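Student: Fold the following and give me the result.
(2 chains)
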Number of protein chains: 2
Amino acid sequence: MTGQPLWTLKLDRSEVDELAGRADPEAPLAGVRFAIKDNIDLAGHPTTAACPALAAKPAGASATAVRLLLEAGAVPVGKTNLDQFATGLVGTRSPYGACHSVASPAHVSGGSSSGSAVAVASGAVPLALATDTAGSGRVPAAFNGIVGVKPTRGLVSNAGVLPAVADLDCVTTLTRTVAAARTAFAALVRTDPQDPRSRPTPPRPPAGVAARMRVVAVPDGDLDLDPPHEEAWRAALDRLRGVAAHVVTVDIGPFLDAGRLLYEGPWLAARYAAIGRYLEPDGPHLDPTVRRIVMRGRDITGPDVFAGFERLAVLRAQTEPVWADVDALMLPTTPGHPRLADVAADPVGVNARVGTFTTFANLLDLCAVAVPAGERADGLPFGVQFVAPAFADAPLLDLAASWCGEPAAPPPNPPGTALLAVAG
Amino acid sequence: MTGQPLWTLKLDRSEVDELAGRADPEAPLAGVRFAIKDNIDLAGHPTTAACPALAAKPAGASATAVRLLLEAGAVPVGKTNLDQFATGLVGTRSPYGACHSVASPAHVSGGSSSGSAVAVASGAVPLALATDTAGSGRVPAAFNGIVGVKPTRGLVSNAGVLPAVADLDCVTTLTRTVAAARTAFAALVRTDPQDPRSRPTPPRPPAGVAARMRVVAVPDGDLDLDPPHEEAWRAALDRLRGVAAHVVTVDIGPFLDAGRLLYEGPWLAARYAAIGRYLEPDGPHLDPTVRRIVMRGRDITGPDVFAGFERLAVLRAQTEPVWADVDALMLPTTPGHPRLADVAADPVGVNARVGTFTTFANLLDLCAVAVPAGERADGLPFGVQFVAPAFADAPLLDLAASWCGEPAAPPPNPPGTALLAVAG
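Tutor: Residues are numbered from 1 along each chain as shown, chains lettered A, B, ... in the order given. Here you go, the predicted structure:
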């Protein structure tokens, strides 16, 4: 037990045992306990999104992602705390209480998937479902020394997930190893008619997606990092030379400019469209920072939205030539690791800075994996992320595994092999 | 000479002769005269978009599409009239005057590419550039008995085209034959770094795109057509059985619902974002209907825009299973052919009805070809369109050629053939 407010709901032991008893012992995740971020439906239990006013109504059905994990034999144990309505990257914006990093009671857990990250990092479960619209899966992975995978949009169904920015939301996994994430994704990646944004995995990798990632780019100039982060980042750069066949540098300015649009541009209007109905009347069930931010979305105009899309289209076009020469990009997951006191002093500014390196992946339709990268001098975990074009998920996981010193995935069986094995 | 107000600008004979003299006589379009819809830049001449207030400032450079036609040897002869700011499907919304169908002075030319369609149908030029955001290329093709090709978004550059709805706009060709359109597209389809929405042709056809279109679907129920249109449509359905290997029926309800979003949903805010700055102060240089419509876009809220996207995502998901079983869809291009008097009596309602069958292709990322389909009993041209998924442009042109009794395109040379021919 961590003593942290990481759960919004823990299942009764009897319910867990019953679910475990139903799992096929031969299934790939048989008996694996998992936690569910509380913006994802679990049948028979409410989805609060950290808003207690939503606690009265149980979900009629489980989200597709939950159902697929159940079918793969995994066993849910509870729903986890989050920055309310998945709006935040710090883990403090919740009436259920603020989480902190497993490594320091003074430093934030990161969010919005705060409880899921703490549950995995503290050893309560080996797997948690999270979501990532702007870094909500990767940031708490970094702040707790675990692996967070934000897949390509549409590969994992969002059916049964409360939207934040529906065009950008991605169900995400939090695990302690890349291998565990890979097993979970083998169960989670399915085309889903229940999710209008579901996209099938292309039969062949699209142009620009390397089957094996050899060229990894890093930023060509200095980054604005907190000093302990800076030192850890330099160590990570050194380590990268032992992992990637070729390390090159690129200008990440257009990537960061695109990322800034998420908070400065029109996408707050999407949050208001998704959850505005829960923000009136005000009350103690609403986090005041979340409410203030999302209410700003109400006043964004339609023409402003399209002007923002225009700006994003231009920035995206500026970033795309990078992928002609580069298989993946490595960046720190965050520019620093704020204390809870820092967030309390400047809730919006500190949060926005945390997302400096994560927001662009969602807007630019990229996939990303956040992995541990040692510790800072002060003992806090440090994390980096690898980022690649849409549908590069499989080779990106291989790169992340290599970074973590884990084996790459075995190559898929040639067609017919499985049948031969059965025949033999 | 048609006596119609189809030109906003005719080039001097000396300029045309000079441009013709510069063209490579071996180029694929050597000497082919073409007209340019006046929302597309031609260097040295203004782009008015049918707004005389914009006539003072010449464009510094030609649009990419114009430059590519020039490089292919074609020779521009003038800029053509349009529904102002490409906002309309009728051809009457212009301070430069209303066009009418080449077949009837009482019936509209269609728009917004009115002048370009009349220029081609009247024989003034064999090729015109147009644009199509909601049917602006296909509708006037149908009303004048010619071929209008709306390619997959992003294949032809929009650089140098005044936007209407930037995410949906497509440069379009108007020609008298499918073969002429094909030759033009061979020159026009290029990836363009100047257009942030430029998309390369995939090296292989995407899943769901047939190399050869065998299964053509038609609507499974009755359509709400004007009586003379109805009769011509029944004849077209009969004729289709001689063209397509298999004719099947599908429910086009979700397609039409998606199309309605263009005028009823949030996309007017995109028009306001693109051209709102030209709408104040009011004056005789502004078409009153266009101004009234686009000003409505100012008051659409950001959350409304995202709610509209949500609705479109759901409808798009409902339409996509169709393409698993069907190569192309055939529909009438319009449900009727209004008179100028009908438009004057109900400028917005009549226009919206004209777009019933065309608007969805742009919103759903489809390609489409409008082709002549004989005449109605009253002698007016009747047109149908073939619609297919993105990047099905080449087989769709083959199907359209077959419909028109033209030969299919020759298969591309196997790799190396050209070199062998040179070596021989």
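
Student: how far is stretch A:113-122 from where the chain is centred?
Tutor: Put simply, stretch A:113-122 sits 12 Å off its chain's centre (C-alpha atoms, centre = their mean, to the nearest Å).

Student: thinking A:R241 is in contact with A:A235, fair?
Tutor: No: A:R241 lies out of contact with A:A235 (C-beta atoms under 8 Å); the separation is 11.4 Å. C-beta here means a position set from N, CA and C on the backbone, and glycine is covered the same way.

Student: Show me which of those two is the more surrounded one.
Tutor: A:A235 (15 against 11; other C-beta atoms under 10 Å in any protein chain shown).

Student: isn't the more buried one right next to A:R376, touching?
Tutor: No: the pair A:A235 / A:R376 is not scored as a contact, 9.4 Å apart, by C-beta under 8 Å.

Student: Run through the residues of the stretch 201-350 of chain A sitting next to chain B.
Tutor: For the stretch 201-350 of chain A, the residues in contact with chain B (C-beta under 8 Å from any C-beta of the partner chain) are A:202-204, A:206-207, A:266, A:268-270, A:272-274, A:276, A:297-307, A:309-310, A:313-314, A:316-317.

Student: Among the residues you listed, which are located in helices?
Tutor: A:268-270, A:272-274, A:297-298, A:302-307, A:309-310, A:313-314, A:316-317 (DSSP state H).

Student: Can you flag the buried ones in these?
Tutor: A:268-270, A:272-274, A:297-298, A:302-307, A:309-310, A:313, A:316-317 (16 or more other C-beta atoms under 10 Å in any protein chain shown).

Student: Where do the strands of chain A begin and end?
Tutor: All strands of chain A, identified by DSSP state E, fall at A:7-10, A:33-37, A:75-80, A:127-132, A:147-150, A:170-175, A:215-219, A:246-250, A:328-332, A:366-375, A:381-389.

Student: pLDDT at the residue of the stretch 1-150 of chain A found nearest chain B, what is it?
Tutor: Using C-beta to the nearest C-beta, the closest approach of the stretch 1-150 of chain A to chain B is made by A:T133 at 13.1 Å. A:T133 is assigned 98 on the pLDDT scale.

Student: What part of chain A, helix or strand, is modelled with the least confidence?
Tutor: helix A:417-423 (a mean of 33; mean pLDDT, DSSP states H and E).

Student: Count the neighbours of the residue found closest to A:Y278 once you drop the neighbours it is linked to in the chain for me.
Tutor: Leaving aside its sequence neighbours, A:Y278 sits nearest to A:C51 (C-beta to C-beta, 6 or more residues apart in numbering or on different chains; 6.0 Å). Per other C-beta under 10 Å, the neighbour tally for A:C51 reads 25.

Student: Repeat that for the one 3 residues further on.
Tutor: Neighbour count of A:L54, defined by other C-beta under 10 Å: 17.

Student: I'd assumed A:H45 was in contact with it.
Tutor: No: judged on C-beta under 8 Å, A:L54 makes no contact with A:H45 at a distance of 11.3 Å.

Student: contacting residues around the nearest residue to A:A394 once chain neighbours are set aside?
Tutor: Nearest residue to A:A394, sequence neighbours excluded (C-beta to C-beta, 6+ apart): A:A409, at 7.1 Å. Residues in contact with A:A409 (C-beta atoms under 8 Å, 6 or more residues apart in numbering or on different chains) are A:R182, A:A394, A:L397, A:D398, A:A401.

Student: Just the local confidence number for A:A409, please.
Tutor: 74.

Student: cool, and A:S198?
Tutor: 96.

Student: wait, doesn't it sit right on A:S157?
Tutor: Yes: between A:S198 and A:S157 there is a contact under C-beta under 8 Å: 5.7 Å.

Student: Let me see the ranges of the helices in the stretch 1-150 of chain A.
Tutor: A:13-22, A:64-71, A:114-121, A:138-144 (DSSP state H, counting those that start in this stretch).
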